[in-house]
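Asks: coords please:
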Amino acid sequence: MKNLFHQWWDGDVGYSFRTSPTAVFAALIALICLVCALFAPWIAPHNPFDLATLQLDNARLPPAWSVGGKSEYFLGTDDQGRDILSALMYGARISLAVGLASVVLSLFVGVSLGLLAGFLGGWVDGLLMRLCDVMLSFPAILVALLIAGVGRALFPNAHESLAFGVLIVSISLTGWVQYARTVRGSTMVERNKEYVQAARVTGVAPLRIMRKHVLPNVLGPVLVLATIQVATAIITEATLSFLGVGAPPTSPSLGTLIRVGNDYLFSGEWWITIFPGAMLVLIALSVNLLGDWLRDALNPRLR
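Replies: Coordinates of the predicted model:
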């Protein structure tokens, strides 16, 4: 593992990262958000979801630097007396978990179908590409709303894990299409190259050729797309939660926190919605900047 890190750090991609202030800054912001989310139970000042510790007397307190604020609630509290800073850390855990899980699922489905379409061609390619066209004809957020709403209606008393599963599937249902089309185009180029023809002549099974030979050579664009799609998935999850069909109320994400604070935005309690919104923007912006850097770093024409 140490040798792999040194190879990456001393290679072209590592040099591009070290010499790009934007990439370093974006990676630092993303790392801080990730650490705060992963270690929220240990570093958060309060547990915002422990009802025994909530006090309604502390509801809607302003940030600590404002008049009426308390030092123990640095970013203020919401309408239930929950610490905003702690709620951001716990909410980011859910947003990041759902976003990453949906991207992994989309990546697995899209890459698999794209490899099959590009390598086999014929009616398989035609069928899968027409399916992609159908999926692209529907707005992604409407499809996610439909699936999430149907899942909530079918399982109104479902456990939180099932609710999150429905949310992840609803985001992934349209996310796989871009991976499939990207991998299909790259695979159609790779399948006619000499190393693939040589593997066919020696009797290597098609599935093994796709997995061992073609797949490693088409992952570059996929990694860039996956990085950018993480931000898109997080924003989609926040949108669904803001509309009330995302994360369950007992485990609010950043979108749920923004929706709660939106009711108090024009009554003077701006911090309830501004800070969750800023956290969401920071996460999405840092991931997008990393995706843009990775796209340029992996493009041989820009080296």
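Asks: distance of the residue lying closest to residue 16 once chain neighbours are set aside from residue 284?
Replies: Distances taken as C-beta to C-beta, 6 or more residues apart in numbering place residue 297 nearest to residue 16, at 4.1 Å, with adjacent residues excluded. C-beta here means a position set from N, CA and C on the backbone, and glycine is covered the same way. According to C-beta to C-beta, to the nearest Å, residue 297 and residue 284 sit 20 Å apart.
Asks: next one: residue 14
Replies: 25 Å.
Asks: Who has more neighbours out of those two?
Replies: Between residue 14 and residue 284, counted using other C-beta atoms under 10 Å, residue 284 has the larger neighbour count: 19 against 15.
Asks: now that one, what's its secondary structure?
Replies: Per DSSP: H, G, I helix; E, B strand; the rest coil, the secondary structure class of residue 284 is helix.
Asks: Hmm, residue 235 and it touching each other?
Replies: Yes. Here residue 284 reaches residue 235: they are 5.7 Å apart, a contact under C-beta atoms under 8 Å.
Asks: could you point out the longest helix in the protein?
Replies: helix 84-120 (DSSP state H).
Asks: tell me what the following helix or strand past it is packed against?
Replies: Later in the chain than helix 84-120, the nearest helix or strand by DSSP states H and E is helix 122-136. Helices and strands in packing contact with helix 122-136 are listed as helix 84-120, helix 160-190; criterion 3 or more C-beta pairs under 8 Å, 6 or more residues apart in numbering; DSSP states H and E.
Asks: Quick one: mean pLDDT for helix 122-136?
Replies: Averaged over helix 122-136, pLDDT sits at 88.
Asks: Which residues does that helix contact?
Replies: 113, 116, 117, 118, 143, 173, 174, 177, 180, 181, 184 (C-beta atoms under 8 Å, 6 or more residues apart in numbering).
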